[in-house]
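S.K.: Sequence plus predicted model, see below.
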Amino acid sequence: MRLCHIGCMRLSGAAIRKKRDAAACAQAPDPAALLAWYDRHRRRLPWRAAHGELPDAYGVWLSEIMLQQTTVKAVAPYYVTFLARWPTVEKLAAAPLDDVLKAWAGLGYYARARNLHACAKAVVEQHRGRFPASESALRALPGIGAYTAAAVAAIAFDQRAVAIDGNIERVIARLFAVEAALPAAKAEIGRSAETLVPQRRPGDFTQAMMDLGATICTPKKPACVLCPWMDVCAARQRGDQETFPRKAPKVEGRMRYGASFVAKRADGFVLVRSRPSKGLLGGMTEVPSTAWAHEFDPLSALAEAPLKAKWRRLPGVVEHGFTHFPLEQAVYVASVPAKSKAPDGMRWVALTELHGEALPNVMRKVVAHAGLDRR
């Protein structure tokens, strides 16, 4: 009888714990708990207003555009440089696009730089240099999509807007154990996120969610024991939090091939040109190159060389990954006389000034492969 009584007590204890855990999962995450955590652990970022300060809409917008598809670590020095050079939206709008592209070089996704400049002009021309506070008005500006409009509305103007970046997406998927795979899960994640945004301090809440995903609810080995929502996270209770968000298998694009021609003049100048303003890497600077194609014969590439010269192909290739396809580039080099004229649509740039050109990362790799990356 005693053994049975002890066994029953043990079962009852397990049942109680299971019931308690289920009840915890059923509780809604408390925004106040996250805000309290944020007040203690908020990250110090160049674009983030200090506690008690009003955010600057221009700085918030600039940082959000820069942070798209890019890490905080990579963006921070670019943001500081941009803000020092163009401290107001009016000054950015008045800057030549080529200068903006040069300052952006290395950040990637260069359409953002063109949209950044166009948006600055629109804010000055249509809104007298003041960013609108509503999501709908922000979305009407060039280069501002749903996420950026919500982020600026929330952070800069404390509007109750639902901004979902990659960090927030991961937090919500784990909190609610969203089983659908991305990108199909975005709608469900959005609906769940909308239920959490508080009426009070929605801007701080948005930044708190970003910080939680960046520092605690990380893609691998999340520090769940430090999370203010640890007890109400459905994925943690299941023990499979690292499997969220679910992701559909990635479809790799087909390899493309091409060739670049690095011509160095005897007086220390390099031949470059600007890419068309529309399309991939629009408006950026490149050394003359062939089109990038799935089928490519390096031996026939010399027919597209920009100058008559003794071209020499360098060993190896330059590899680069774009969002939708990988690329391999053959690199040809040649030395030409100091008085060589640039073909139409091209120009000579001093090697010492090459680093200041708006070279995208793929062209920086080409220049480095050719041994011309030394300043």
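M.R.: The structure has been received and is ready for your questions. Numbering: from 1, shown residues only.
S.K.: In this structure residue 215 contacts residue 43, no?
M.R.: Yes - counting by C-beta atoms under 8 Å, residue 43 is a contact partner of residue 215 at 7.1 Å. Every C-beta, even on glycine, is put in place using the N, C-alpha and C of the backbone.
S.K.: Which of these two has more residues huddled nearby?
M.R.: residue 215 (16 against 12; other C-beta atoms under 10 Å).
S.K.: show me what contacts the more buried one?
M.R.: Shown in contact with residue 215 (C-beta atoms under 8 Å, 6 or more residues apart in numbering): 41, 43, 223.
S.K.: Ok, residue 198 next?
M.R.: 31, 32, 35, 160, 205.
S.K.: Buried ones among those residues?
M.R.: Burial by neighbour count, 16 or more other C-beta atoms under 10 Å: within those this picks out 31, 35, 160, 205.
S.K.: any idea how far residue 262 is from the most centrally placed residue in the chain?
M.R.: By C-alpha atoms, centre = their mean, the mean C-alpha position of the chain lies nearest to residue 69, the distance being 1.7 Å. Here residue 69 is placed at a distance of 28 Å from residue 262 (C-beta to C-beta, to the nearest Å).
S.K.: what do you get for residue 334?
M.R.: From residue 334 to residue 262 the distance is 8 Å (C-beta to C-beta).
S.K.: Of the two, which one has the most company?
M.R.: residue 262 (23 against 18).
S.K.: and the more buried one, how far is that from residue 326?
M.R.: 22 Å.
S.K.: Also residue 158?
M.R.: Distance from residue 158 to residue 326, by C-beta to C-beta: 43 Å.
S.K.: the more surrounded of the two?
M.R.: Taking neighbours as other C-beta under 10 Å, residue 158 and residue 326 compare with residue 158 leading, 18 against 14.
S.K.: is it fair to say residue 115 lies in a helix?
M.R.: Yes - counting by DSSP: H, G, I helix; E, B strand; the rest coil, residue 115 is located in a helix.
S.K.: Any stretches of the stretch 1-150 of the chain with poor pLDDT?
M.R.: 1-26 (pLDDT under 70).
S.K.: Now with 50, please.
M.R.: Along the stretch 1-150 of the chain, segments meeting pLDDT under 50 span 1-25.
S.K.: mind listing the helices for it?
M.R.: 2-26, 31-41, 57-67, 72-85, 89-94, 97-104, 111-127, 135-139, 146-157 (DSSP state H, counting those that start in this stretch).
S.K.: which stretch among those helices comes nearest residue 51?
M.R.: Residue 51 lies closest to helix 31-41 among those, at 7.5 Å (C-beta to C-beta).
S.K.: Any buried residues in stretch 319-335, and which?
M.R.: 320, 322, 327, 328, 329, 330, 331, 332, 333, 334.
S.K.: right, I mislabeled it, should have said stretch 244-252
M.R.: 244, 245.
S.K.: Touching that stretch from outside, list them.
M.R.: Stretch 244-252 has contacts (C-beta under 8 Å, 6+ apart) with 169-170, 173-174, 177-185, 189, 235, 326.
S.K.: Now a ChimeraX select for only the buried ones of these.
M.R.: Applied in ChimeraX, the following selects the buried portion of those according to 16+ other C-beta under 10 Å:
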select :169,170,173,174,177,178,182,185,189,235
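S.K.: Just the closest of the contacts of stretch 244-252 to residue 266, please.
M.R.: Closest to residue 266, out of all of the contacts of stretch 244-252 and judged by C-beta to C-beta, is residue 326, at 35.8 Å.
S.K.: what about the closest one, distance to residue 319?
M.R.: Counting by C-beta to C-beta, the gap from residue 326 to residue 319 is 7 Å.
S.K.: how does this structure divide into domains?
M.R.: Listed domain ranges for the chain are 31-243, 256-369 (source: automatic domain parsing).
S.K.: Identify the residue spatially nearest to residue 132, adjacent ones excluded.
M.R.: Spatial nearest neighbour of residue 132, excluding adjacent residues (C-beta to C-beta, 6 or more residues apart in numbering): residue 138 at 5.8 Å.
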